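In: Here is my input, please return the structure:
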Amino acid sequence: MRDVAHIDEGTTPGEYDRLNLRRMVSLTAGIAGNDLGRVAGEVRSAIDRAGAPPRGVRVEVRGKVEPMRQLFNGLGVGLGLAVVAIFILLTAYFQSPRLALVAVAAVPAVLAGVAVALWLTGTTLNLQSFMGAIMAIGVAITNAILRLTFAERHRRERGTACGRS
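Out: Next up is the predicted model:
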């Protein structure tokens, strides 16, 4: 062999992975005990600290991070649109934007309460806690609608009893 080749020790990848015909290097990590959002932030920070990749190299974070971001963005936009739709419907129901705004004003308080509850329990914002927040907002708005309806009815009855209309 020495007559036809020179043999040196070295390292080489055991296999080449490809994604859409492009060579790919996969790095995996165990994230036990950490939430996906925190780990995604740490990965993004490590990529930023590494600097710009060489020309022709593309860095992509794959896995569950992007679907999680899309899910939370979609839920956030959906929640915002739902609150706007509720405001419009309540304006038509009460025939007063002021009363509709009073009912919808419960939303920031509920979101603050959810944030405090998550912080006190050490729970992360995940799909289950987001759905719970949406349900809490629904219950709070329903409660506000009931209270406003009874208060308006009482105000009108009191105004009629005093000779006012």
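
In: make it CA atoms for all contacts and neighbour counts henceforth
Out: Will do.

In: How is the one residue sitting closest to the centre of the chain assigned, secondary-structure-wise?
Out: The structure's the chain has its C-alpha centroid closest to residue 72; by CA atoms, centre = their mean the separation is 2.9 Å. With DSSP: H, G, I helix; E, B strand; the rest coil as the basis, residue 72 sits in helix.

In: quick one: it and residue 63, what's the gap?
Out: According to CA to CA, to the nearest Å, residue 72 and residue 63 sit 16 Å apart.

In: same deal with residue 7?
Out: Computed with CA to CA, the distance linking residue 7 and residue 63 is 40 Å.

In: Also residue 21?
Out: 19 Å.

In: likewise residue 43?
Out: 12 Å.

In: Tell me which of these two has more neighbours.
Out: Legend: neighbour count by other CA atoms under 10 Å for residue 43 and residue 63, higher for residue 43 (13 against 9).

In: Residue 4 is in what secondary structure piece?
Out: Using DSSP states H and E, residue 4 sits in no helix or strand.

In: separation between it and residue 11?
Out: Here residue 4 is placed at a distance of 22 Å from residue 11 (CA to CA).

In: Repeat that for residue 19.
Out: Per CA to CA, residue 19 is found 23 Å from residue 11.
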